[in-house]
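> just to be clear, the model below is a prediction. Sequence and coordinates:
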Amino acid sequence: MTVTPLLPGDPGSPVVLHVPHASRAVPADVRSRLLLTDDDLRVELDRMTDTATDLVAAAAAGAARRRPWRWVAPWSRLVVDPERFPDVREPMRAVGMGAVYTRTSEGRPLRTPDPRHEADLLTRYLRPHAEGVADLVQERLDACGRAVVLDVHSFPTQPLPYETAADPDRSRHRPQVCLGTDVKHTPGWLLDRAREAFDGLEVGRDEPFAGTYTPLRHWGREPRVVSVMVELRRDLYLDDELQPTTGLGEVAARLAALVDAVTDTATDTATDTATDADPR
């Protein structure tokens, strides 16, 4: 059975909810190359999956005045991580967590490094994801004059070992909501709307995670494509067993408010550029 990552929205909506890390699915042929026991794999999936962010996005889409478009990756990030650069530009390769992970969140071996296997995974999983999102963003740009990517993630209350290994200082402060930005693609108005949507919660900028997803086809080239990452601390909407709480509806309502706000602003300013970007 083929899972379609694209969930259509309103033809007049410029907003794309990008949900790359919600799935736990690992195809059998990929699973056979992983060096973990089934129990260890379950633990790793618990740690690394942005559990229920697809449900948050779905609830937000249903509550928004104009339904946004959604792209929900159907495979676990342990298959490939579509948010990573697929080459040596990716800094997380230094800790074994580039586009194809070779290490677990604790630094243990996940798969034996194999350039051919890595290339195969990039071809089968990462490139279709990247091209599909880029096509969707271009369609929204053509239809609306601007495209807005809201990159939806979550993170645990306590830092995982790989975070500390990658950047000890960045992992210390863990606000309830992290807004990730890009100097070229996160204009000031978008960051303001995101802060307003989560008003009353502790909101940090680029901490503990920085950046946001913009398709490489548009990154640094098309200022009418704007993006902000919304990282939700998991205790806002999940219990200790990773089951959704009533908080899921609350964060979904805030995300819906952000969708509404950026839809209105993007429509009003579709002829503007992102030259007002708020630099880090």
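Nice, I can see it.
> okay, now the unreliable bits of the stretch 51-200 of the chain?
In the prediction, the stretch 51-200 of the chain carries residues with pLDDT under 70 at positions 170-171.
> all strands for it, in order.
Counting by DSSP state E, counting those that start in this stretch, residue ranges of the strands within the stretch 51-200 of the chain are 69-72, 147-155, 177-180.
> most packed of the ones you listed?
strand 147-155 (a mean of 24; mean count of other CB atoms under 10 Å). The C-beta positions use only the backbone N, C-alpha and C, and glycine is treated the same way.
> out of the strands of the stretch 51-200 of the chain, nearest to residue 49?
When those are ranked by distance to residue 49, counting by CB to CB, first place goes to strand 147-155 at 8.8 Å.
> hmm, back to that, the strands of the stretch 51-200 of the chain into JSON lines, with extra columns for distance to residue 236?
What follows is these, written out as JSON lines (distance: least, CB to CB, whole Å):
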{"stretch": "strand 69-72", "distance to residue 236": "20"}
{"stretch": "strand 147-155", "distance to residue 236": "8"}
{"stretch": "strand 177-180", "distance to residue 236": "8"}
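> closest one to residue 234 among the ones you listed?
Across the strands of the stretch 51-200 of the chain, the minimum distance to residue 234, taken as CB to CB, is reached by strand 147-155, at 5.0 Å.
> that closest one: how far from the chain's middle?
5 Å (CA atoms, centre = their mean, to the nearest Å).
> so what does that strand touch, helix or strand wise?
In terms of contacts (3 or more CB pairs under 8 Å, 6 or more residues apart in numbering; DSSP states H and E), strand 147-155 is packed against strand 15-19, helix 53-63, helix 127-144, strand 225-233, helix 247-268.
> kindly reformat these as JSON lines containing distance to residue 99 and mean neighbour count.
Putting the helices and strands packed on strand 147-155 into JSON lines (distance: least, CB to CB, whole Å; neighbours: other CB atoms under 10 Å) gives the following:
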{"stretch": "strand 15-19", "distance to residue 99": "16", "mean neighbour count": "27"}
{"stretch": "helix 53-63", "distance to residue 99": "20", "mean neighbour count": "21"}
{"stretch": "helix 127-144", "distance to residue 99": "10", "mean neighbour count": "18"}
{"stretch": "strand 225-233", "distance to residue 99": "18", "mean neighbour count": "26"}
{"stretch": "helix 247-268", "distance to residue 99": "27", "mean neighbour count": "20"}
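> mind putting those into JSON lines with distance to residue 83?
Supplementary listing: those in JSON lines, determined by distance: least, CB to CB, whole Å:
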{"stretch": "strand 15-19", "distance to residue 83": "9"}
{"stretch": "helix 53-63", "distance to residue 83": "13"}
{"stretch": "helix 127-144", "distance to residue 83": "10"}
{"stretch": "strand 225-233", "distance to residue 83": "9"}
{"stretch": "helix 247-268", "distance to residue 83": "18"}
